[in-house]
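> here is a sequence together with a model predicted from it:
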Amino acid sequence: MKRVDAYLRQSVFTLTLVVGAALLAISTFITFVTELEDLGRGQYGIGPILQYVALQIPETVYVMFPVIALLGTLMGLGALAANSELVAMRAAGISVTRLAWGVAKAGVAIGMLAFALGEFLVPVTTPLADEIRSVARYGESARGSKDGVWLRDGRHFVFIGELLSEREIRQVELFRLGEDGSLDAAIAIESAEYDEDHWTFNGVRRTRFLEDEIQVETADQEPWPTDLTPDLTPDVLRLFVLESESLSAWGLWRYMDYLESNGLDVEGSALAFWRKLATPITVIVMMLVAVPFVTGSLRQGGAGQRLFVGVLFGVGFYLINEVTSSTGLIYGLSPVVTAFLPTAAVAALVAIRLRSMR
């Protein structure tokens, strides 16, 4: 049986690589043509466009991994069926369930590859791609934010007007509440920079609200008080700049921990976190979908028919997954349930189908 499993893995891996290369080529070409529409805007020339497109490849592959795995398995098993090799395996006493087990073992390797891609490569290349495009097109960093960021740390509330980078912020306002919930003090800062292990304020105006008077103090420069947002390091602040999809699972976990410890909403970040953990399982399940397709109603079909059915199923699954995520957030469903529900539903259907084919 080890030889059978190895043969299945070889066929699935080979066709998955071919399908992945084909879909990646199409997607990359479309991205390149789309970016050409902004050619000449600022310093956005062919060089930056090629850099942007190349750095977007890991994220593109990561997003398409379940579909690539499904189509690759369909084509791989389909090639074995076309050569009557699956028939020979069945005649030798190998059940459909045992074939599925061999495919699942191949899926573990592909699923872990997908997880590693999203955990280690995508969080690096995607922000860098956005940075290159933003600097070339607009002359400013994409990691900055001029929309403002609100943070909370106990009784302290911080508003960052301009987040230029994780180490440089401007137009900062800090508000401290008293024990009774009334405003105790307010601090306006022109800018702040992180050097070594602490923040430094520049252009400080502090207003204290006492019982019978208001005190105003100014300073050109002073360190960030240790009792104000001590956990707000550049690493944490960077999590507020990046999109959840661009963060690793570890980064999302730290982000969730910061939000939760300060009483902020964590639902969106929790959903992104669990969806990342669900990716390897989704890849395995999508590969198992191909088994009843090839050994069942599509065993006599050609490669084009299998590819067409696989594309329809993959696109349908993607749409259902996105709709389920949005619906889960709206109705307050558990992020764990929302992230795993589509995959679990498909896995149940595959299990029922395989059981009926014994």
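Sure, I can see it.
> helices and strands around the helix ranked longest in the chain, which ones?
With secondary structure taken from DSSP state H, the chain has its longest helix at helix 46-82. Using 3 or more Cβ pairs under 8 Å, 6 or more residues apart in numbering; DSSP states H and E, the elements in contact with helix 46-82 are helix 2-36, helix 85-91, helix 96-116, helix 122-138, helix 267-295, helix 303-330. Every C-beta, even on glycine, is put in place using the N, C-alpha and C of the backbone.
> give me the helices and strands touching the shortest one, please.
Based on contacts counted as 3+ Cβ pairs under 8 Å, 6+ apart, the elements that helix 85-91 packs against are helix 46-82, helix 96-116, helix 267-295.
> and residue 184, which of the ones you listed is closest to it?
The closest of the helices and strands packed on helix 85-91 to residue 184 is helix 267-295. By Cβ to Cβ, the value is 30.0 Å.
> rounded mean pLDDT for the closest one, please.
On average, the pLDDT along helix 267-295 is 90.
> give me phi/psi at residue 45?
Torsion angles at residue 45 (phi, psi; degrees, to the nearest 10) stand at phi -100, psi -170.
> report the contact partners of the closest residue to it other than its chain neighbours.
With sequence-adjacent residues excluded and distances taken as Cβ to Cβ, 6 or more residues apart in numbering, residue 45 is closest to residue 39, at 7.0 Å. The neighbours of residue 39, taking Cβ atoms under 8 Å, 6 or more residues apart in numbering as the test, are 45-46, 49.
> does residue 39 count as helix, strand or coil?
Assigned with DSSP: H, G, I helix; E, B strand; the rest coil, residue 39 falls in the coil class.
> same thing with residue 175?
Going by three-state DSSP, the secondary structure assigned to residue 175 is strand.
> for residue 220, same thing?
With three-state DSSP as the basis, residue 220 sits in strand.
> now stretch 21-40: mean pLDDT?
The pLDDT scores in stretch 21-40 average 93.
> figure out how far it is from the centre of its chain.
Taking Cα atoms, centre = their mean, to the nearest Å, the mean C-alpha location of stretch 21-40 is offset from the chain mean by 21 Å.
> send me it as PDB with only the CA atoms.
Written as PDB, here are the backbone C-alpha positions of stretch 21-40 (Å, rounded to 0.1, in the frame of the first residue of the first chain):
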ATOM      1  CA  ALA A  21       1.500  27.300 -12.500                       C
ATOM      2  CA  ALA A  22      -1.300  27.700 -15.100                       C
ATOM      3  CA  LEU A  23      -3.700  29.600 -12.800                       C
ATOM      4  CA  LEU A  24      -0.800  31.700 -11.400                       C
ATOM      5  CA  ALA A  25       0.300  32.700 -14.900                       C
ATOM      6  CA  ILE A  26      -3.300  33.800 -15.800                       C
ATOM      7  CA  SER A  27      -3.700  35.700 -12.500                       C
ATOM      8  CA  THR A  28      -0.300  37.400 -12.700                       C
ATOM      9  CA  PHE A  29      -1.000  38.500 -16.300                       C
ATOM     10  CA  ILE A  30      -4.300  40.000 -15.300                       C
ATOM     11  CA  THR A  31      -2.700  41.800 -12.400                       C
ATOM     12  CA  PHE A  32       0.100  43.100 -14.700                       C
ATOM     13  CA  VAL A  33      -2.400  44.400 -17.300                       C
ATOM     14  CA  THR A  34      -4.500  46.100 -14.600                       C
ATOM     15  CA  GLU A  35      -1.400  47.800 -13.100                       C
ATOM     16  CA  LEU A  36      -0.400  49.100 -16.500                       C
ATOM     17  CA  GLU A  37      -3.500  51.400 -16.400                       C
ATOM     18  CA  ASP A  38      -1.500  53.500 -13.800                       C
ATOM     19  CA  LEU A  39       1.700  53.400 -15.700                       C
ATOM     20  CA  GLY A  40       3.400  56.800 -15.500                       C
END
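> great, nothing more from me.
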